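Participant: Compute the structure for the input listed below.
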Amino acid sequence: MTKSAVTVGFDGSAESQAALEWAAFEAERRDLPLQLLHVWSWQPYALTADPDKEQEWVERVPRRAARRLAERHPGLRIDHRNVPGVPADVLSDPAPETTLLVLGSRALGRVGGYLLGSVGQEVLSRTEGPVVMVRAPFDEGEDQEGATPAQHPGDSPVAVGLDLVQPSEQVLRFAFETAALRGAALRAVYAWRVPPVFSYGPRMVDQRLRGDLERREREMLTKVLRPWRERHPGVTVEESVAPGNATRHLVASSHDASLLVVGRRVRHPALGPQLGPVTQAAVHHATPPVAVIPHG
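Facilitator: Model prediction:
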């Protein structure tokens, strides 16, 4: 058993095809094997159902996908597993060697946005390790099997959304290490909340105060990033700071990124684990793949 691997949830759909191809490139970057995880459950929905034929199909789907992928990535080690069970439960607790879990999501249309199914939502909310959501390309009426999703250029930045009130070491570590692996710049994105007094109009507030507030927020971001810059001197860091809506600024600032990294605070509320509002919006509306990093 390998000590670490990139694991991808695969069921043969267009979404999982996109996730599979993205995961293959990421495994190559990280010099890790790729593991296809095919979760299935036999449903006796018809009297004519043939368990033997269904089992044959279950085994054929990941095997055929692995074979096709090996042709495009000849140097990549590829394993595949068939696991019976409930997809959300199995994917939320992948093999212990999993370094990164990759799932697919359906594009809403040419306007952009993700359609995150119940399985993806639950996995994101429950998984203890990093999860990347990859959007399938939107193409009406075309069979996506075996299609290769568009890859962002190698020099596209990695974007990371930050909370300066409680900055997460896990989120920052993942973002800097990922940017270093890709040889890409890191764009640190932060939106600061405008005090309510500013909503009464510019004549009610000394504009120098607004400038002082913005300067203070920029200095806070620079301070949080400083030790990580020192650990990763080869990573160029761009700071994107703006007042106002955090979600809007995050989505707009990551449109040309190769990956958006956001955090998910691990909580155990009575109604079950949930994504925060900014992370939820980023997963649904950001253009690039989105990495969700759980943290305390």
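Participant: Which secondary structure element of this structure has the lowest mean pLDDT?
Facilitator: strand 114-115 (a mean of 52; mean pLDDT, DSSP states H and E).
Participant: which residues in the stretch 51-200 of the chain form strands?
Facilitator: Assigned by DSSP state E, counting those that start in this stretch, the stretch 51-200 of the chain shows strands spanning 78-84, 98-107, 114-115, 131-135, 158-161, 186-192.
Participant: Next, format the ones you listed as a markdown table and append distance to V261 and mean neighbour count.
Facilitator: Backbone N, C-alpha and C define where each C-beta goes, glycine included. Listed next are the strands of the stretch 51-200 of the chain as a markdown table, based on distance: least, Cβ to Cβ, whole Å; neighbours: other Cβ atoms under 10 Å:
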| stretch | distance to V261 | mean neighbour count |
| --- | --- | --- |
| strand 78-84 | 26 | 16 |
| strand 98-107 | 12 | 23 |
| strand 114-115 | 16 | 18 |
| strand 131-135 | 9 | 26 |
| strand 158-161 | 4 | 29 |
| strand 186-192 | 9 | 24 |
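Participant: In a markdown table: the ones you listed, plus distance to L69.
Facilitator: Below are the strands of the stretch 51-200 of the chain laid out as a markdown table (distance: least, Cβ to Cβ, whole Å):
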| stretch | distance to L69 |
| --- | --- |
| strand 78-84 | 6 |
| strand 98-107 | 13 |
| strand 114-115 | 23 |
| strand 131-135 | 14 |
| strand 158-161 | 24 |
| strand 186-192 | 29 |
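Participant: quick one: D89 from V123, how far?
Facilitator: 9 Å (Cβ to Cβ, to the nearest Å).
Participant: higher neighbour count, the two?
Facilitator: V123 (25 against 14; other Cβ atoms under 10 Å).
Participant: now the more buried one: how far from P87?
Facilitator: Distance of V123 to P87, given as Cβ to Cβ: 8 Å.
Participant: hey, what's in contact with both of the two?
Facilitator: G9 (Cβ atoms under 8 Å, 6 or more residues apart in numbering).
Participant: and the strands of the stretch 51-200 of the chain, which one is worst for confidence?
Facilitator: Among those, strand 114-115 has the lowest mean pLDDT, at a mean of 52.
Participant: Please name the nearest non-neighbouring residue to L186.
Facilitator: A179 (4.1 Å; Cβ to Cβ, 6 or more residues apart in numbering).
Participant: ok, that neighbour - contacts?
Facilitator: Per Cβ under 8 Å, 6+ apart, neighbours of A179: 157-158, 185-186, 232, 235.
Participant: L164 - how many residues pack around it?
Facilitator: Neighbour tally, L164, other Cβ under 10 Å: 13.
Participant: before we move on, what about E59?
Facilitator: 14.
Participant: Can you verify my assumption that it contacts N82?
Facilitator: Yes - if you go by Cβ atoms under 8 Å, E59 and N82 touch, sitting 6.2 Å apart.
Participant: Quick check: buried residues in the longest helix along the chain?
Facilitator: Longest helix in the chain, counting residues (DSSP state H): helix 207-231. Neighbour counts over helix 207-231 (16 or more other Cβ atoms under 10 Å) mark 210, 213, 217, 220-221, 224-225, 228 as buried.
Participant: So what pairs up with the nearest residue to E214 once chain neighbours are set aside in the strands?
Facilitator: Leaving aside its chain neighbours, E214 sits nearest to P243 (6.7 Å; criterion: Cβ to Cβ, 6+ apart). Assessed by DSSP bridges, P243 has beta-bridge partners W192.
Participant: any idea how far V237 is from P243?
Facilitator: In terms of Cβ to Cβ, P243 sits 21 Å off from V237.
Participant: Would you mind putting the CA coordinates of stretch 62-74 into CSV?
Facilitator: Taking Å, rounded to 0.1, in the frame of the first residue of the first chain, the C-alpha atoms of stretch 62-74 are listed here in CSV:
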residue,chain,number,x,y,z
PRO,A,62,-12.8,1.9,-13.8
ARG,A,63,-10.5,-0.6,-15.7
ARG,A,64,-11.3,0.9,-19.0
ALA,A,65,-10.9,4.4,-17.7
ALA,A,66,-7.5,3.5,-16.2
ARG,A,67,-6.3,2.0,-19.5
ARG,A,68,-7.3,5.1,-21.5
LEU,A,69,-5.6,7.4,-18.9
ALA,A,70,-2.4,5.3,-19.0
GLU,A,71,-2.2,5.9,-22.7
ARG,A,72,-2.1,9.7,-22.1
HIS,A,73,0.1,9.5,-19.0
PRO,A,74,2.5,6.6,-19.6
